[in-house]
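> Got a predicted model here, sequence first, then my questions.
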Amino acid sequence: MNKCRCEWVTDDDIYIHYHDNEWGKPVYDDKKLFEMLSLEGAQAGLSWITILKRRENYLAAFDEFDPVKVSAYNESKINDLIENEGIIRNKRKVNSVVTNAQAFLEVQKEFGSFSNYIWSFVQGEPLINNWKEHKDVPATTRESEQMSKDLKRRGFSFVGPTICYAFMQATGMVNDHTKDCFLYQGK
């Protein structure tokens, strides 16, 4: 029997696996949060499937998204990344991962963990939405706008309100599975 999934999911196995096993599930691990923030930034202007298909390449290229290692990348390493055909070779996006790692470490120092900081935008609990159809799901929310503004103030880039909302969905800060999806939790 085929499971009914959110409308955005195609029949591509990588999308199905991502939807069924990751999307909308709460993430509190700092390294995983940094990975998802970096991947969402890489997605800007592209489809999510484009990034998912390159995810393993990103993990290898960016030292498994270890923010300490990434924050220390020099110009030579950045140039190597821009030549890496396994990732999106956009200099601004590559540079943003490095500067975001530096800002990420500052947030960890201030709040004890990035998780403590980022989850404060939803008071530490996932927002469970009640959308009937995919077209009802917003691209931004008040929370994603506040998150974007604060991240930018702290030196992060590629963190506009739409990217922040996609990050919130990806890390389970919001659960936007629609009512017809088998993973819908409802209120």
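Right, received. Where do you want to start?

> Near residue 17, how many other residues are there?
For residue 17, the neighbour count with other C-beta atoms under 10 Å is 12. For glycine as for every other residue, the C-beta is placed from the backbone atoms N, C-alpha and C.

> So it, which state does it fall into?
helix (DSSP: H, G, I helix; E, B strand; the rest coil).

> what residues are up against it?
Not one residue lies near residue 17 by C-beta atoms under 8 Å, 6 or more residues apart in numbering.

> Read off the pLDDT value for the residue nearest to residue 122 when sequence neighbours are not counted.
In this structure, residue 122 finds its nearest non-sequential neighbour in residue 173, 5.0 Å apart by C-beta to C-beta, 6 or more residues apart in numbering. At residue 173, the pLDDT value in this model is 98.

> In contact with residue 173, which residues?
26, 118, 119, 121, 122, 126, 127, 143, 167.

> Which of these sits closest to residue 97?
residue 167 (13.8 Å; C-beta to C-beta).

> number of nearby residues for the closest one?
If you count neighbours by other C-beta under 10 Å, residue 167 ends up with 26.

> Just to check, it is in contact with residue 38?
No. In this structure, residue 167 is not within contact of residue 38 by C-beta atoms under 8 Å, at 9.8 Å.

> Any regions of the protein where pLDDT drops low?
Where the chain drops to pLDDT under 70, the residues are 1, 186-187.

> 50 - rerun?
Scanning the chain for pLDDT under 50 picks out no residues.

> in it, which spans are helices?
13-21, 30-43, 48-52, 55-61, 67-71, 75-82, 91-111, 114-119, 142-153, 161-170 (DSSP state H).

> In CSV, list those helices along with distance to residue 5.
As requested, the helices of the chain are exported to CSV (distance: least, C-beta to C-beta, whole Å):
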stretch, distance to residue 5
helix 13-21, 6
helix 30-43, 20
helix 48-52, 14
helix 55-61, 19
helix 67-71, 32
helix 75-82, 34
helix 91-111, 29
helix 114-119, 26
helix 142-153, 23
helix 161-170, 14
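
> Out of the ones you listed, the one nearest residue 177 is which?
helix 13-21 (8.6 Å).

> Next, the angle from that closest one to helix 161-170.
70 degrees (axes from the mean of the first three to the mean of the last three C-alpha atoms, to 10 degrees).

> which residues sit in contact with residue 16?
Contacts of residue 16 by C-beta under 8 Å, 6+ apart are 5, 9.

> any idea how far it is from residue 6?
Using C-beta to C-beta, to the nearest Å, residue 16 is found at 11 Å from residue 6.
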